[in-house]
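*Asks:* with the sequence up front, the predicted model follows.
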Amino acid sequence: MHPSLLPIALYALAASAAPAPAPAPYPLHRRDQNSSANNQALISALELAPTAKDRLALLTPSDFLYDFASPPPGDAITTGLGGRTVKADSKLFPALIGTGVSMTLGFIGPCGFNTPHVHPRSSQINVVVEGQLKTQFIAENGVDAVENTLGKWQMTVFPQGAVHTEWNPTCDPAVFVAGFASEDPGVQQSTQTLFKLDDDVVRAELGVETLNGESIEQFRDQLPENVALFVEECLARCDIEADPAPNQGGPSEGGPWSAPSSALA
Ligand SMILES: *[C@@H]1O[C@H](CO)[C@@H](O)[C@H](O)[C@H]1NC(C)=O
């Protein structure tokens with residue numbers, strides 16, 4: 001083509017095409033929470049994006065909405081006889097990628113017991129937004145346990161790596177909101193983890209052959225799923241029947257207590 005004709009040809013091309021839309025700030029197809037959760041293609045693109053701006057260009061407004069009352073499929077919910085926790089991490093809520101934070105809500109029923117555990121990659125700030133919870137943590141060897149009773153709108157902090165636990169001493173439901181300084185804080189239940197080691201290791205560590213008259217193997221199967229039910233005294237006071245063998249048959253969905261939607265308000 002003669003060079004002088006090039007601008008005309010380009011103009012003709014532009015005119016014949018549909019009016020160029022302004023570049024969309026995000027892909028125009030709508031995604032909901034459940035299609036962005038666990039979406040490895042999206043997660044990979046977000047992880048590889050060179051800047052925060054590039055990450056935003058990959059996300060729709062609805063990708064930024066996470067519903068703790070109706071979380072996506074996957075491992076968001078941990079349910080035991082005493083209640084449940086619901087988490088949002090970078091896999092379940094990919095909009096967290098690059099933000100450095102994540103969150104868990106805990107719906108702890110009467111006498112519910114969030115069993116002792118560690119978050120290997122983050123401290124935790126923990127606010128009670130409904131009811132009352134007792135909390136306890138031990139940060140490391142050689143220091144005392146720190147215990148508190150939190151009422152509504154009261155907060156504590158569990159240092160990174162501290163073994164911590166919280167339980168509801170009342171006959172009314174409690175709800176906590178836990179913030180993490182990691183998109184993927186991780187969680188490890190302390191007792192369940194110990195009992196996953198070899199039988200010989202557990203026997204040597206505990207210095208016993210049996211527990212509660214049962215072999216280590218039998219005892220391991222009796223450990224409750226988180227969120228468990230707490231002490232007999234509370235159960236009796238609140239007139240709650242504890243399933244003696246929660247792992248045999250498994251807890252029913254939501255346990256005897258699951259969060260009323262009003263608890264989320
Ligand atoms: C998302 O998935 C959860 C769990 O499977 C389900 O309860 C919820 O209704 C789904 N939400 C949408 C918007 O499809």
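*Replies:* Noted; the coordinates are in hand. Residues are numbered from 1 along each chain as shown.
*Asks:* show me what the host helix or strand of Arg220 is packed against.
*Replies:* Element membership of Arg220 [criterion: DSSP states H and E] is helix 216-222. In terms of contacts (3 or more Cβ pairs under 8 Å, 6 or more residues apart in numbering; DSSP states H and E), helix 216-222 is packed against helix 199-206, strand 210-211. Just so you know, the C-beta spots here come from the backbone N, C-alpha and C atoms, and that holds for glycine as well.
*Asks:* of all the ones you listed, which lies closest to the ligand?
*Replies:* Distance to the ligand, taken as Cβ to the nearest ligand atom, is lowest for helix 199-206 among the helices and strands packed on helix 216-222, at 35.9 Å.
*Asks:* from the ligand, how far out is the closest residue to Arg121 other than its chain neighbours?
*Replies:* Distances taken as Cβ to Cβ, 6 or more residues apart in numbering place Ser182 nearest to Arg121, at 4.6 Å, with adjacent residues excluded. Separation of Ser182 from the ligand (Cβ to the nearest ligand atom, to the nearest Å): 24 Å.
*Asks:* mind listing what Ser182 touches?
*Replies:* Neighbour list for Ser182: Gly100, Val101, Ser102, His119, Arg121, Ser122 [criterion: Cβ atoms under 8 Å, 6 or more residues apart in numbering].
*Asks:* correct me if wrong: the fourth one contacts Gln160.
*Replies:* Yes. With contact defined as Cβ atoms under 8 Å, His119 counts as touching Gln160 (6.8 Å).
*Asks:* so which of those two has more stuff around it?
*Replies:* His119 (23 against 17; other Cβ atoms under 10 Å).
*Asks:* so how many other residues sit close to the residue lying closest to that one once chain neighbours are set aside?
*Replies:* Excluding the flanking residues, the one nearest His119 by Cβ to Cβ, 6+ apart is Pro185, at 4.3 Å. The tally of other residues near Pro185 (other Cβ under 10 Å) stands at 23.
*Asks:* quick one: Pro185 is in a strand?
*Replies:* No. Residue state for Pro185 (DSSP: H, G, I helix; E, B strand; the rest coil) corresponds to coil; a strand is not indicated.
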